[in-house]
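**Student:** I need the structure of the sequence given here:
(2 chains)
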Amino acid sequence: MAKLIVNSLLRRRWQTLATLLGVGFGAGLLLAVFLLYNGFGQGLERGRQRLGADLLVVPGNATVDPDKALFAGSPLNVYMDGKYADQARKIPGVRRVESQFFTQSLKLECCSLGTESRLIGIEDRVAHRLAGMSPDGREKLEPDEVIIGSELLGGIGKPGALIELLGDIFRLAYRLEPTGTALDHSILMRMDSARDLAAKSEALKPVWQEAGNPHRLISALLIEVDDTSRLQEIGRALEDLGSLKVIRAADTFERLKRLMNAFVFMLAAAGALTALGGVAYLLGHFSSAAWDRKGEWALYRALGATKLRMMQLVVGEAVALATSGAVAGLPLGYGFYRLAFSRLAAQNAFPFVAPGGALLVTAATGTLAVYGLIGFLSAAAPAWRVAQLEPALTMAQGDID
Amino acid sequence: MNAPPQILLEAENVSRSYGTEMILDNVSLQVRAGEVTTIAGPSGSGKTTLLALLALLLEPSSGQIRVAGRDAATLSDTERSHLRNTFYGFIFQTAQLVGSLSVLDNVLLPALLAGKSREKRAVAGELLDRLGLGARADFLPHQLSLGQKRRAALARALLLRPAVILADEPTNDLDARRAAQVADFLLGLPADGYALVLVTHDVQLAERAGNCWRIDGGKLMPPVNVPQACLSQHADFVLQMIHHKRL
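**Tutor:** Model (predicted):
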């Protein structure tokens, strides 16, 4: 039977090629849509997990895009007095305050980073939140330890590896899971270590000099409140402390989520339409084949093919065509996804987690399964009609092309 | 005294109509192993319909077809398909080779449909050799002459060693020499135990085959054992054919 199917596809090579291309484009688009959808969904979820705060407070003079600061993890080389952390803790309704200190490495020569990277000083107790992203659930960070983003150091960034940063040697505690944000390209260390590095570096001096002694400075405050219905009130109290800018995570999260939902809806609609288009195309293809090829199929019936065998032949051809097209579409879809991903990553506009190998395999297998099903469904009705063909038709026909 | 040859096919009071038009009217016929059954008649007389009924390609409007003693009306589609695959060998009016399959694969088609092409490959090769097509096994049908195509169709009909060969106008469109070659081969089959049902309007072939039943207006006349008598009985038909060819 396989021989008859393959032969039939090869015999109509232009028709087959056109169908393969049509199905291939559809399957590629479906795969790309799924990968983008998944990457966005995971990126948003990780951004939300990573933040773990209701309010983000930055210096009033900071030009900051709330989306990027909150979800794309984009840090800022801006500073404010560390006293604001203590003052914020005293505001009624504030449950937890965490401060961060942002600086950067310089281009280094040896053993570590080839480019400048963002350094983020975090409080000891912040490490526990990041622990959820660490492979071994570590909560405490030693003064000489750093955590690196998933995109840094490649294969050499194993736990225990030594890294030189602004002349000091640090030990790699662990690598963060991918977040799809600027955090993937950042280095996290204890806040006092980050401050020491900034203070010692003549090159970085101009960045913090105007704000004062780095040991007293912070870049951002992450604030968690007891009752989220009081966010507005607490936000106003924070702004009253000084020249501070308060970003409400919930608002930004909701806005971004709505935007993402709209985007995902478009992607899902495109995927669904693509799949439906595939069904319509193959249904048309096999419906017309049931008529055009009735001579050939009636001959098979006359020579002893059962109705079931005829249905297997027609459905088998459809499934072979659909899955072959889908196989051809997989690299196309992956290429399209990579292109879209690189464009989005360059903009850092959305948190996006690139899918791992297992998910890629699952997505590819799923696409093949979907198109196998599409092939089956689109050929089921024509196959039924073919099975009902009168074999006596073959007595009255000419040669078969 | 030898026992009479086994009855392989039997039509008993079979009629077939399309709408109000009666194509076959109360036809009875027996086909025995090792014998030729020739059915002759003018175009539209119902001979191809009778062949289709005997081949289980059509169902009668009334009457009974028995295949090796079994009432065909009681057979399931799977059983009928199995019989068409193994019990019958078909030679249609045109060769009906599948254009994209090689000659060898066309011969193997019944085996391909039954899922046993591998074991029948050697048999197919031998048949093609016997029919003088061994060197053309890998050709496509469009690379063959009409006579070669007809011989390939013959090989296909014999592949699974069926009990009954049903041949519908097997010498149609062939020149005299090619027609004689095909006829020689076909008429030699009963000696090997095959039952041959031959539908033809080829006077020479009918004359050679003998056991000639006449069909006209859907009615089947009993066989005449003397070929010449068969032909004389067909005189009106022969005249019609001559007239038709002149047109």
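**Student:** Can you name the residue of chain A nearest chain B?
**Tutor:** residue A:304 (2.3 Å; C-beta to the nearest C-beta). Backbone N, C-alpha and C define where each C-beta goes, glycine included.
**Student:** so which strand or helix has that residue?
**Tutor:** If you go by DSSP states H and E, residue A:304 is not part of any helix or strand.
**Student:** how is chain A carved up into domains?
**Tutor:** Chain A breaks down by automatic domain parsing into domains covering A:2-46+A:256-396, A:62-242.
**Student:** Can you lay out these as JSON lines showing mean neighbour count, mean pLDDT and distance to residue B:6?
**Tutor:** Shown next, in JSON lines, are those (neighbours: other C-beta atoms under 10 Å in any protein chain shown; pLDDT from 0 to 100; distance: least, C-beta to C-beta, whole Å):
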{"stretch": "domain A:2-46+A:256-396", "mean neighbour count": "19", "mean pLDDT": "83", "distance to residue B:6": "22"}
{"stretch": "domain A:62-242", "mean neighbour count": "18", "mean pLDDT": "77", "distance to residue B:6": "79"}
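**Student:** Need these in TSV (columns: distance to residue B:27).
**Tutor:** Compiled in TSV, the domains of chain A are given as follows (distance: least, C-beta to C-beta, whole Å):
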stretch	distance to residue B:27
domain A:2-46+A:256-396	16
domain A:62-242	80
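**Student:** For chain B, which segments count as helices?
**Tutor:** B:47-54, B:77-86, B:103-107, B:109-114, B:117-130, B:146-158, B:176-188, B:203-209, B:227-233, B:235-246 (DSSP state H).
**Student:** For the shortest one, which helices and strands make contact with it?
**Tutor:** Read it as helix B:103-107. Contact partners of helix B:103-107 among helices and strands, from 3 or more C-beta pairs under 8 Å, 6 or more residues apart in numbering or on different chains; DSSP states H and E: helix B:117-130, helix B:146-158.
**Student:** now with 6 Å?
**Tutor:** Using 3 or more C-beta pairs under 6 Å, 6 or more residues apart in numbering or on different chains; DSSP states H and E, the elements in contact with helix B:103-107 are helix B:146-158.
**Student:** quick check: mean pLDDT across the helix it packs on?
**Tutor:** Taken as a whole, helix B:146-158 has an average pLDDT of 90.
**Student:** buried sites along it?
**Tutor:** Within helix B:146-158, the residues scored as buried using 16 or more other C-beta atoms under 10 Å in any protein chain shown are B:147-158.
**Student:** Just want the angle from it to helix B:176-188.
**Tutor:** Helix B:146-158 and helix B:176-188 meet at an angle of 10 degrees, taking axes from the mean of the first three to the mean of the last three C-alpha atoms, to 10 degrees as the criterion.
**Student:** Just the residues contacting helix B:146-158, thanks.
**Tutor:** Helix B:146-158 is touched from outside by B:89-91, B:95, B:97, B:103, B:106-107, B:127-128, B:131, B:133, B:141, B:165, B:173-174, B:178, B:182, with contacts defined as C-beta atoms under 6 Å, 6 or more residues apart in numbering or on different chains.
**Student:** Give me the buried subset of the residues you listed.
**Tutor:** Buried by 16+ other C-beta under 10 Å: B:89-91, B:95, B:97, B:103, B:106-107, B:127-128, B:131, B:133, B:141, B:165, B:174, B:178, B:182, out of the contacts of helix B:146-158.
**Student:** which stretches of chain B have low pLDDT?
**Tutor:** Chain B contains residues with pLDDT under 70 at B:1-4, B:224-247.
**Student:** what residues go with each domain of it?
**Tutor:** B:7-87+B:163-246, B:99-161.
**Student:** mind checking which of these is nearest residue A:217?
**Tutor:** domain B:99-161 (79.1 Å; C-beta to C-beta).
**Student:** ok, back up a step: turn the helices of chain B into a markdown table, columns for distance to residue A:276.
**Tutor:** Shown next, in a markdown table, are the helices of chain B (distance: least, C-beta to C-beta, whole Å):
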| stretch | distance to residue A:276 |
| --- | --- |
| helix B:47-54 | 42 |
| helix B:77-86 | 34 |
| helix B:103-107 | 37 |
| helix B:109-114 | 34 |
| helix B:117-130 | 38 |
| helix B:146-158 | 42 |
| helix B:176-188 | 53 |
| helix B:203-209 | 58 |
| helix B:227-233 | 64 |
| helix B:235-246 | 55 |
